[in-house]
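In: Sequence and predicted model, in that order:
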Amino acid sequence: MALIARKALGKDRVQLVTVDWGQFTYARSRKIVSQLALEIGLPHRFIAGSGTQKKIWKHGPSCSSCTRNVKLGLIKNIAKDGLIATGANQSDSWGKVGIKLNGNVFSPLLELSKEDIRYFLDHFRFNVPKIGESVDREGCKLKHLLKMMINEEYHGRAVCESNELLLSYLGARSWNAKLANVKIVGPLSKNIALVNVVPHLSEKYAAELRTLLNSLECVDEVHVVNRPVKLKVLANPGLFNDSTARSHVHMGVIQKEFAAPVEITWIESSNKRLRTFQVISFAFQR
């Protein structure tokens, strides 16, 4: 989108803006974004977004709320008299349900797939390096915390430190992962780390990673996901009673970022603080 905007409008009429999620932004992500801005030749700025994001996650995982209320909200504040061009496409939720022009937010790539976008990037002879958590859609580390973040120093640190450690470990061994993340699940009193890597790790690497992750003070238990799993998921009554919404959370949020098939047992929550869902337990299927 940045390349097209530069070509259509000229360098003097385009500014690149990135929301920085603080500790939940991958260190490699900042370097990649800054380098790409230099290569494209457009002015670029980071704006802080972690404060409001933390308030959202106190009530359960919700990437859509972060995008709508934090990401776009912050950018709108600095682009009141301008047009905000996004790269929304068929790989994300806005591409599936949004419209091309919503107020001053314009998403001209809406109908395109990732394959289409890669074709156009090849046309520009432009390569976009990956953070390493996915060959498809990458994001902030907080999306891997599948429960309420009541204690940032416990829940938040677990998802931050475990995911940075995983990517560092894989990078040092040149493991070409299509998927790499550590999901933090369990009751609020226990952080269970579920390691998802595709292709699956060798027994040696899996054992080494378990040892490294178990050494983190904020992680209580570690499992490498290499076979089908069962999850128990607490759901807000609104989500629990909506089969379509449950299916979206199952397949569109959880399953697509796990390294093996996931079966879910849904439990209606009586916790009024929980606005979305929380994965409270895990087991391998027999």
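Out: Cool, got the structure. Numbers count the residues shown, from 1 in each chain.
In: can you give me the strands in the stretch 1-150 of the chain?
Out: Taking DSSP state E, counting those that start in this stretch as the criterion, the stretch 1-150 of the chain carries its strands at 16-20, 44-48, 84-85, 101-102, 105-106.
In: Domains in this structure, by residue range?
Out: Structurally, the chain divides into domains by automatic domain parsing as follows: 2-123, 141-284.
In: a markdown table for those domains, including mean neighbour count, mean pLDDT and distance to residue 135?
Out: Every C-beta, even on glycine, is put in place using the N, C-alpha and C of the backbone. Formatted as a markdown table, the domains of the chain follow (neighbours: other Cβ atoms under 10 Å; pLDDT from 0 to 100; distance: least, Cβ to Cβ, whole Å):
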| stretch | mean neighbour count | mean pLDDT | distance to residue 135 |
| --- | --- | --- | --- |
| domain 2-123 | 16 | 90 | 9 |
| domain 141-284 | 18 | 97 | 5 |
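In: JSON lines for those, including distance to residue 130?
Out: Conversion of the domains of the chain to JSON lines gives the following (distance: least, Cβ to Cβ, whole Å):
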{"stretch": "domain 2-123", "distance to residue 130": "8"}
{"stretch": "domain 141-284", "distance to residue 130": "10"}
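In: quick one: contacts for the residue nearest in space to the middle of the chain?
Out: In the chain, the C-alpha nearest the mean C-alpha coordinate belongs to residue 139, at 3.7 Å (Cα atoms, centre = their mean). Each residue near residue 139 by Cβ atoms under 8 Å, 6 or more residues apart in numbering is listed here: 63, 133.
In: next one: residue 166
Out: Going by Cβ under 8 Å, 6+ apart, residue 166 touches 180-182, 195, 197, 209, 213.
In: Looking at the residues you listed, which are in strands?
Out: 180-182, 195, 197 (DSSP state E).
In: Would you mind checking which of those is nearest to residue 160?
Out: Checking the ones in strands among the contacts of residue 166 against residue 160 by Cβ to Cβ gives residue 182 as the nearest, at 9.9 Å.
In: isn't the closest one right up against residue 163?
Out: Yes - using Cβ atoms under 8 Å, residue 182 is in contact with residue 163, at 5.1 Å.
In: Next, show the common contact partners of those two.
Out: The contact lists of residue 182 and residue 163 share residue 144, where a contact means Cβ under 8 Å, 6+ apart.
In: Now residue 127. Nearest residue, chain neighbours left out?
Out: Counting by Cβ to Cβ, 6 or more residues apart in numbering, residue 121 is the residue found nearest to residue 127 once chain neighbours are left out, at 7.4 Å.
In: Report the separation between that neighbour and residue 21.
Out: Separation of residue 121 from residue 21 (Cβ to Cβ, to the nearest Å) stands at 25 Å.
In: Residue 236 now?
Out: For residue 236, the distance to residue 21 - Cβ to Cβ - is 24 Å.
In: cool, and residue 144?
Out: Plainly put, residue 144 is 12 Å away from residue 21 if you go by Cβ to Cβ.
In: Show me the helices in the stretch 151-286 of the chain, by range?
Out: Along the stretch 151-286 of the chain, the segments classed as helices by DSSP state H, counting those that start in this stretch run 157-172, 203-214, 237-240, 243-247.
In: got the angle between the longest one and helix 203-214?
Out: So that's helix 157-172. On the basis of axes from the mean of the first three to the mean of the last three Cα atoms, to 10 degrees, helix 157-172 is oriented at 150 degrees to helix 203-214.
In: How far off centre is helix 157-172?
Out: Mean-position distance between helix 157-172 and its chain equals 14 Å (Cα atoms, centre = their mean, to the nearest Å).
In: start to end distance for stretch 15-33?
Out: Terminal residues of stretch 15-33 lie 13 Å apart, using Cα to Cα, to the nearest Å.
In: coming back round to it: want to throw the strands of the stretch 1-150 of the chain into CSV with distance to residue 286?
Out: CSV is the format used below for the strands of the stretch 1-150 of the chain (distance: least, Cβ to Cβ, whole Å):
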stretch, distance to residue 286
strand 16-20, 43
strand 44-48, 47
strand 84-85, 50
strand 101-102, 48
strand 105-106, 48
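In: so which of those strands gets nearest residue 281?
Out: Among the strands of the stretch 1-150 of the chain, the nearest to residue 281 by Cβ to Cβ is strand 16-20 (32.9 Å).
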